[in-house]
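>>> Here is a sequence together with a model predicted from it:
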Amino acid sequence: MNKFVITAIAILLFQGLKSQETLQNNKLILGGSFNYWVQHNSFPISSLSHNFNIGGFYSNSDEDIKNTVFAFAPLIAKELNRRLMLGIQLEYRTTNYKVDNQVLFGNTNPVDFERSSNQFGIGLFSRHTINPQSQFQFFLQPIIDYYLLNEEELHDSNLTQKEKAHFFEIGLDAGILYNFNDWIGATFRVGGLNYVNGSWKIVDTATKKDFSSFGTNLNLASIYFGLEIKI
């Protein structure tokens, strides 16, 4: 099943290379989208976290907790025809999780715990518009990305661990484009299916692990709002 879905996404992604329908004036698209998510304190029922999961760290601590995520994804793309465009997208994502007086596993004394990360990515995508004649358009957007991740963990403001990761992601997003006029529009995009494969390591140790995952990606961290300009 995984191989079938991944193959289908790859076919959609590169379908434009064989497209025969062209516009009289193929337009260049410049744009960008962002994601912002913030959580104050843990949810009252632990199972609720699965409904709003962003892949972060959750705690049962009754102390003040703040979990923040911000991402920005600029893009440049080219229209191939009325239904299809191909492009390149960059992404920068930063996360920060902080909790005071956290009791960690194996310890009895609470510490001020902080985990922060920076993630950089680059990818190729195609966009397949379902109703190109409409001002309010629906689209599917398969993408293949490569990411580098750096993460630090601090106890009482002292660096205790650094981690690095690199991974590929193949995904299929869905979205809406609203055209204000012939040259500018607003987008709403949400993650759908994704497959991830990569490895991570703890810096200055022998600890290194490979990882992979496949599943749906419908969560708050996969919702992006953006603007696009056609030139």
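That came through, no problem.

>>> CA atoms for contacts and neighbours, from now on please.
Fine.

>>> what's the pLDDT at Ser19?
Model confidence at Ser19, expressed as pLDDT, equals 48.

>>> just Ser117 next, same as before
The score at Ser117 is 95. That number is its pLDDT.

>>> what's the closest non-adjacent residue to Phe168?
Closest residue in space to Phe168, ignoring its immediate chain neighbours: Tyr146 at 4.6 Å, by Cα to Cα, 6 or more residues apart in numbering.

>>> Show the subsequent helix or strand relative to the strand or helix carrying that neighbour.
When secondary structure is defined using DSSP states H and E, the element that contains Tyr146 is strand 136-155. Beyond strand 136-155 in the direction of the C-terminus, DSSP H and E gives the next helix or strand as strand 158-179.

>>> Downstream of that next one, the next helix or strand is which one?
On the C-terminal side of strand 158-179, the nearest following helix or strand under DSSP H and E is strand 184-202.

>>> pretty sure Ala221 belongs to a helix, no?
Yes - Ala221 forms part of a helix when assessed by DSSP: H, G, I helix; E, B strand; the rest coil.

>>> Can you give me the distance of it to Val99?
To Val99, Ala221 is 20 Å away according to Cα to Cα, to the nearest Å.

>>> In this protein, where is pLDDT below threshold?
Across the chain, residues meeting the criterion (pLDDT under 70) sit at 1-25, 42-63, 105-107.

>>> Can you give the strand pairings for the strand holding Tyr146, parallel or anti for each?
Taking DSSP bridges as the criterion, strand 136-155 forms sheet pairs with strand 111-129 (antiparallel), strand 158-179 (antiparallel).

>>> Next up, the contacts around the spatially closest residue to Tyr92 that is not a sequence neighbour.
On the basis of Cα to Cα, 6+ apart, the spatially nearest residue to Tyr92 that is not a chain neighbour turns out to be Phe120, at 4.8 Å. With contacts defined as Cα atoms under 8 Å, 6 or more residues apart in numbering, the neighbours of Phe120 are Leu90, Glu91, Tyr92, Arg93, Tyr147, Leu148, Leu149.

>>> excluding its backbone neighbours, what's nearest Gln144?
Small correction: residue 144 is Ile, not Gln. Nearest residue to Ile144, sequence neighbours excluded (Cα to Cα, 6+ apart): Ile170, at 4.5 Å.

>>> how much does the helix or strand harbouring Gly32 deviate in direction from strand 184-202?
Of the helices and strands defined by DSSP H and E, Gly32 is found in strand 28-40. Our comparison of strand 28-40 with strand 184-202, counting by axes from the mean of the first three to the mean of the last three Cα atoms, to 10 degrees, yields an angle of 60 degrees.

>>> Asp182: how many residues sit nearby?
Other residues within reach of Asp182 by the criterion other Cα atoms under 10 Å amount to 10.
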